[in-house]
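# Predicted model and sequence below, questions to follow.
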Amino acid sequence: MSFKREDPSSYSNPNQAKVTSIALDLSVDFGAQKLNGFVDLNVIIVSEHVEFLGLDVKALEIHKITLVGSDEALHYEVSPSNEALGSSLLITLPQHVRKLDSKFTVRVYYNTTPASIALQWLDKEQTVGKHYPYLYSQCEAIHARSMIPCQDSPSNKVTYTATIRVEPNNLTALMSADNTTPADSPKGVFTFSQKIPVPTYLIALVVGNLKSIDIGEITKVWSEPEVVELAAKEFIHTKDFIAAGESILTPYDWGRYDLLMLPFSFPFGGMENVQLTFVTPTLLAGDHSLENVVAHEIAHSWMGNLVTNKYWSDFFLNEGFTVFIERKIIALFYKNPLLFDFYALLGLKDLASSVERYGKDHPFTCLRPNLEGDMDPDDAFSSVPYEKGFNLLCCLQEIVGEENMNKWLKKYVATFRRLSITADQMKQHFIEYFTSGEGSAPVNQEKLKNFDWDGWFFKPGMPIQIAKFDQSLAEKARSTAHGFLSNPPVVPSKEEVHSLSPGQVMMVLDTLADDLQNKPDTLPLSTVKIIEQVFSLDKTQNSEYKLRWFTLCLLCNVEEIVPQIIKFITENGRMKFVRPLSRKLFKTPFGKDISVSKFTKHR
């Protein structure tokens, strides 16, 4: 059995037999590290001559498949597993349900396995409280197939319901959906309903010892009880970011917006699961200085969650657009339009680092990389879709003007709301909008006509054009850094230090590190100590400061900092910090053995 795959990252066939909704009934088994139960898949035939339903599975054990209503056992085949994509689960359909527009429900009895990559099972010792085990899921990009037999392609959106049975029954289950658990439900049994269609990568589950605090009319912060108050204080501006997003785009569509702060093993800064954003505890700086991550995840409520990339090769439709809106939210909230430009310059540096790491001609530096050939989309993950996509939008904004751009963004979201689209659809919508005269101000039609879309989409390396950004905030940071490099060093006053934003402090440290990489041994240890004192880096809780400070110390061969670095990278699992610091520690004359031993112990 075979068919032409529309999505190279999926073995499913929603273009023939489309799953429209999912109903889960699962029990959580912490001892065996498994989810056990069944899923009902509601299907509609959308093409002629359909013989089977195609699903994606990976590291799942399938026990039985039936047609709901008749209990008829259905024949199925699971293909040999591909390392990246898993297997196809092809279910032969009875003749009477194969006709066009036929609707039916297939039930798959299954369990996950400890090898299911979507699920992270934590022993109680890996939690903050140390009393109970913990489970969370991470389904982006193509890991939902290791939690649920499903059509695991962003091209197909589904509604879903779930019944989750938890033991120990004093733990709490949450999902990326409305909690519909009745007041008289048996203890340990939770029900959920997501009525807005979502791609399967946004189906999320967490089970643990969780408490919540309200921080807005539609927002709670969830976390382990030991740290929930810290999280509530840190993320208090969430409601303001949502309001800013609504003023830039359209009304918030999802009802609730809750935050879940996970244990330190969570490998990302955040994950935009609808109605329940996951965030890392490394955002707990104590002063809101890392809250731009929350602004980013909120921006996903429109860009990615509401309007979704149809295929992973167009990931910039999710992330580039989200970065663009995130920076507009931050500039609006702080009433400082220069922050948009400043964070754009920080992003350009990240983009240049990604391009340098891959190589300027590497296909993964294209805005629309080719993911054919059973390739894992995660292999192409970098700052490229984020920052190159952001710069595309900035260059388009330079052509049409900010007021026109903002009006188009509203129309774009309204047009493609709850749909999955391609970059070509986005491009066509943009061109038609501005050639039809819908903008509020005149647009240079010649520049629009000559815009090199193919160069932006398919040329590797840095963007073919860099938008113009105001340099004033960046120049202040660079000037401060260059002062430390003088002989003797020029030390900023307390007032000058206080006037720097967290982003500017990061740029100061980045600039110093860049200079050291280009010209080793140019920063005396005495100056390193001064920098530590000026920015109170020995006391900071800001994980972004720590990353940069530790990097600077390693470049200066400050061996006494190693215990602090080891503590930092073994106590949290965020890849943004662990990977670069481990690599840099490995390259020092004193760090090779200890970095290898710690990696081996904690991997």
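Received the coordinates, thanks. If you're wondering where the values come from, they're calculated on a predicted model, not measured in any experiment.
# beta partners for the closest residue in space to residue 419 that isn't next to it in sequence?
With sequence-adjacent residues excluded and distances taken as CB to CB, 6 or more residues apart in numbering, residue 419 is closest to residue 307, at 6.7 Å. Any C-beta I mention is one placed from the backbone N, CA and C, and that applies to glycine too. Residue 307 has these beta-bridge partners by DSSP bridges: residue 303, residue 419.
# count of neighbours near residue 307?
Residues near residue 307, counting by other CB atoms under 10 Å, number 23.
# and what of the one 4 residues further on?
For residue 311, the neighbour count with other CB under 10 Å is 22.
# measure it to residue 26 for me?
In this view, residue 311 and residue 26 are 29 Å apart by CB to CB, to the nearest Å.
# Sort out which residues of stretch 118-130 are buried, please.
Buried residues in stretch 118-130, counted by 16 or more other CB atoms under 10 Å: 118-122, 127-128.
# Just the residues you listed: which are in strands?
Among the buried residues of stretch 118-130, the ones falling in strands (DSSP state E) are 119-122.
# Max pairwise distance over those residues: which two?
Taking CB to CB, the two most distant members of those are 119 and 122; they sit 10.4 Å apart.
# Need the overlap of contacts for the two.
135-136 (CB atoms under 8 Å, 6 or more residues apart in numbering).
# which residues of this protein score low on pLDDT?
1-3, 595-603 (pLDDT under 70).
# For it, give the helix that spans the most residues.
If you go by DSSP state H, the chain has its longest helix at helix 338-358.
# Tell me which residues of that helix come out buried.
By 16+ other CB under 10 Å, the buried positions in helix 338-358 come out as 338-348, 351, 354-355, 358.
# and that helix, how far from the chain's centre?
The chain centroid and the centroid of helix 338-358 are separated by 18 Å, computed with CA atoms, centre = their mean, to the nearest Å.
# Residues contacting it, please?
Applying CB under 8 Å, 6+ apart, the contact partners of helix 338-358 are 292, 323, 327-328, 330-331, 362, 364-365, 382-384, 386-388, 390-391, 394, 461-463, 466-467, 469-474, 501, 503-504, 506-507, 510.
# Just the buried ones from those?
Buried among those by 16+ other CB under 10 Å: 292, 323, 327-328, 330-331, 362, 364-365, 382-384, 386-388, 390-391, 394, 461-463, 467, 469, 473-474, 501, 503-504, 506-507, 510.
# who's in contact with the residue lying closest to residue 558 once chain neighbours are set aside?
Using CB to CB, 6+ apart and skipping residues adjacent in sequence, the residue nearest residue 558 is residue 528, 6.4 Å away. Contact partners of residue 528, counting by CB under 8 Å, 6+ apart, are 552-553, 556, 558.
# how far away is residue 528 from residue 547?
For residue 528, the distance to residue 547 equals 16 Å [CB to CB].
# for residue 29, same thing?
Residue 29 is 37 Å from residue 547, by CB to CB.
# and these two? which has more neighbours close in?
residue 547 (23 against 17).
# Is that one in a helix, a strand, or coil?
The assignment at residue 547 comes out as helix when based on DSSP: H, G, I helix; E, B strand; the rest coil.
# my guess is it meets residue 576, correct?
Yes - the criterion here is CB atoms under 8 Å, and residue 547 meets it with residue 576 at 7.5 Å.
# So in that sheet, which strands flank the helix or strand harbouring residue 28, and in what orientation?
Residue 28 belongs to strand 17-29 when assigned by DSSP states H and E. Sheet pairing of strand 17-29 (DSSP bridges) gives strand 34-45 (antiparallel), strand 157-167 (parallel).
# Take those and write them to JSON lines, including mean neighbour count and distance to residue 542.
Listed next are the strands paired with strand 17-29 as JSON lines, based on neighbours: other CB atoms under 10 Å; distance: least, CB to CB, whole Å:
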{"stretch": "strand 34-45", "mean neighbour count": "20", "distance to residue 542": "37"}
{"stretch": "strand 157-167", "mean neighbour count": "20", "distance to residue 542": "35"}
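# need those strands in JSON lines with distance to residue 524, can you?
Below are the strands paired with strand 17-29 laid out as JSON lines (distance: least, CB to CB, whole Å):
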{"stretch": "strand 34-45", "distance to residue 524": "56"}
{"stretch": "strand 157-167", "distance to residue 524": "57"}
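# Please identify which of those strands is closest to residue 104.
Smallest distance to residue 104 across the strands paired with strand 17-29 (CB to CB): 5.8 Å, for strand 34-45.
# which residues touch whichever helix or strand comes after the longest helix of the chain?
As assigned by DSSP H and E, the chain's next helix or strand after helix 338-358 is helix 389-400. Residues outside helix 389-400 that contact it (CB under 8 Å, 6+ apart) are 316-317, 319-321, 323-324, 327, 344, 347-348, 351, 367, 405, 408, 430, 434, 439, 443-444, 447-448, 451, 456, 463, 465-469.
# what number of residues lie near residue 94?
12.
# quick one: the nearest residue to residue 471 once chain neighbours are set aside from residue 352, how far?
Leaving aside its sequence neighbours, residue 471 sits nearest to residue 345 (CB to CB, 6+ apart; 7.2 Å). Note on residue 345: its distance to residue 352, by CB to CB, is 11 Å.
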